[in-house]
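# need a structure here:
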Amino acid sequence: MTNMNSSGVPTPPAKAVAHRYLSSLRPQDILVLQGSPLLGAAFALRHPTVQDLGPLVMLMSANVLLVTHIFMLNDWSGLTTDLADANKAARVFTSRGVGRGEMGVLTAGLLVLSLLLFSRLGPITLGLSLAIATLSALYSLPRFNWKGKPLLNSVTHLAGGILHFLLGYSLGSAVDRRGVAIAIFFALIFVAGHLTQEIRDHQGDAVNGIRTNAVIFGPRRTFAASLIFFTMAQVILLLLALGRLLPLPLAALIALYPVQLYWSRETLKEGLTYASVSRLQARYRVLYAVIGLAMVVALLRLQ
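Residues are numbered from 1 along each chain as shown. Take a look at the predicted model:
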């Protein structure tokens, strides 16, 4: 039932308001970015106890808020260009009935709540979350516009990928050589995935004059670069397992990589269209979810 405010103007029910905001989010992307810090915590908490459950829940709650803030800040900053992109216009938050001012307030509020939760987990974890939020601002805000600076935007994702894994790792361990080495694997995937997204959004970014790697160097060269980073990640994974920084059975996961190479070849043959690259993203995300699950199982077997 619709309520009336003091001015006699109908106000939508709370359920409709909540749906309006929730439909403006990117749930799949937010979910994907929970994996890295969660696995970081899993590697750090070698012998987890019931007492670790509270901090772990707080970490994941804070990370959901932080990642949601990052995507919302990106959407808020890129409103004009997203509206001019035929592949994105229908999903823009203003198309869902959310004003730019409302989105700005909500975006800032999520960051504050996130940092408050991270502050309960210690100064190192808070510092890492602040560093991630700073990189996000440099990347998204028009004043800095690192999104439109080739190579620098990839360096941002490399650093952000390392910090994001260490965010979870700091929950149960000091940041050490082992943690940084494992973090590099996740960071390389993060960079490769970012390049793939640039290829997907190439046409819209070119129209809007956004100087991404795919716009400046071309989709095919950027696609080759993304494959190089994915390959480097797989090599790092193999070396970490053989060096016993990861459980040795995880070395067998290298056998999954030819599947991704086959999918990539098919995507290249289809011309790197928005649809084909989106399909590739969905496929390799499942592949890396399997790798993440295998890591958790391997760690549990060591308990």
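
# Flag the shaky bits of the stretch 101-250 of the chain, pLDDT-wise.
Under the criterion pLDDT under 70, no range of the stretch 101-250 of the chain is flagged.

# ok, which stretches of it are helices?
In order along the chain, the stretch 101-250 of the chain carries the following helices (DSSP state H, counting those that start in this stretch): 123-140, 152-169, 177-200, 202-207, 213-217, 219-242.

# Help me confirm that residue 148 comes into contact with residue 214.
No: with contact taken as CB atoms under 8 Å, residue 148 and residue 214 are classed as non-touching, separated by 11.7 Å. Where you see a C-beta, it was placed from the backbone N, CA and C, and this is true even at glycine.

# neighbour-wise, which of these two wins?
residue 214 (28 against 19; other CB atoms under 10 Å).

# For the more buried one, give me its contacts.
The contact partners of residue 214, by CB atoms under 8 Å, 6 or more residues apart in numbering, come to 195, 198, 199, 201, 202, 205, 222.

# List the residues that contact the second one.
So that's residue 198. By CB under 8 Å, 6+ apart, the contact list for residue 198 reads 205, 212, 213, 214, 215, 222.

# May I ask which of these has the most neighbours?
In terms of neighbours by other CB under 10 Å, the contacts of residue 198 top out with residue 214 at 28 neighbours.

# my read: residue 210 touches residue 150, true?
No: with contact defined as CB under 8 Å, residue 210 does not reach residue 150; the gap is 10.4 Å.

# Please say which of those two ends up with more neighbours.
residue 210 (20 against 15).

# what residues are up against the residue lying closest to the more buried one once chain neighbours are set aside?
Nearest-residue entry for residue 210: residue 148, 4.9 Å, with adjacent residues in sequence omitted and distances by CB to CB, 6 or more residues apart in numbering. With contacts taken as CB under 8 Å, 6+ apart, residue 148 has the following neighbours: 210, 211, 212.

# got it, and residue 240?
Residue 240 makes contacts with 181, 182, 185, 246, 250, as judged by CB under 8 Å, 6+ apart.

# Out of those residues, the closest to residue 121 would be?
residue 182 (19.5 Å; CB to CB).

# ok, the closest one to residue 145 distance?
According to CB to CB, to the nearest Å, residue 182 and residue 145 sit 31 Å apart.

# now residue 42
The separation that residue 42 has from residue 145, given CB to CB, amounts to 36 Å.

# who has more neighbours, these two?
For residue 42 versus residue 145, the count of surrounding residues by other CB under 10 Å is larger for residue 42: 20 against 16.

# mind checking which helix or strand that one is in?
Element membership of residue 42 [criterion: DSSP states H and E] is helix 35-44.

# Could you give the separation of the helix or strand following that helix from the chain centroid?
Next in sequence after helix 35-44, counting helices and strands by DSSP H and E, comes helix 53-77. Centroid separation for helix 53-77 versus its chain: 10 Å, with CA atoms, centre = their mean, to the nearest Å.

# what about dumping the CA coordinates of the very next helix or strand once past helix 53-77 to PDB?
Next along the chain after helix 53-77, taking DSSP H and E as the criterion, comes helix 79-83. Backbone C-alpha positions of helix 79-83 (Å, rounded to 0.1, in the frame of the first residue of the first chain) are rendered in PDB as follows:
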ATOM      1  CA  LEU A  79      27.100   8.200 -15.100                       C
ATOM      2  CA  THR A  80      27.300  10.400 -18.300                       C
ATOM      3  CA  THR A  81      29.500   8.000 -20.300                       C
ATOM      4  CA  ASP A  82      27.400   4.900 -19.200                       C
ATOM      5  CA  LEU A  83      24.200   6.600 -20.400                       C
END
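
# counting contacts, what elements does helix 79-83 pack onto?
For helix 79-83, the helices and strands in contact under the criterion 3 or more CB pairs under 8 Å, 6 or more residues apart in numbering; DSSP states H and E are helix 202-207.

# now with 10 Å?
Where contact means 3 or more CB pairs under 10 Å, 6 or more residues apart in numbering; DSSP states H and E, helix 79-83 is packed against helix 53-77, helix 100-119, helix 202-207.

# Tell me which residue is most central in this protein.
Nearest residue to the geometric centre of the chain (CA atoms, centre = their mean): residue 33, 4.1 Å.
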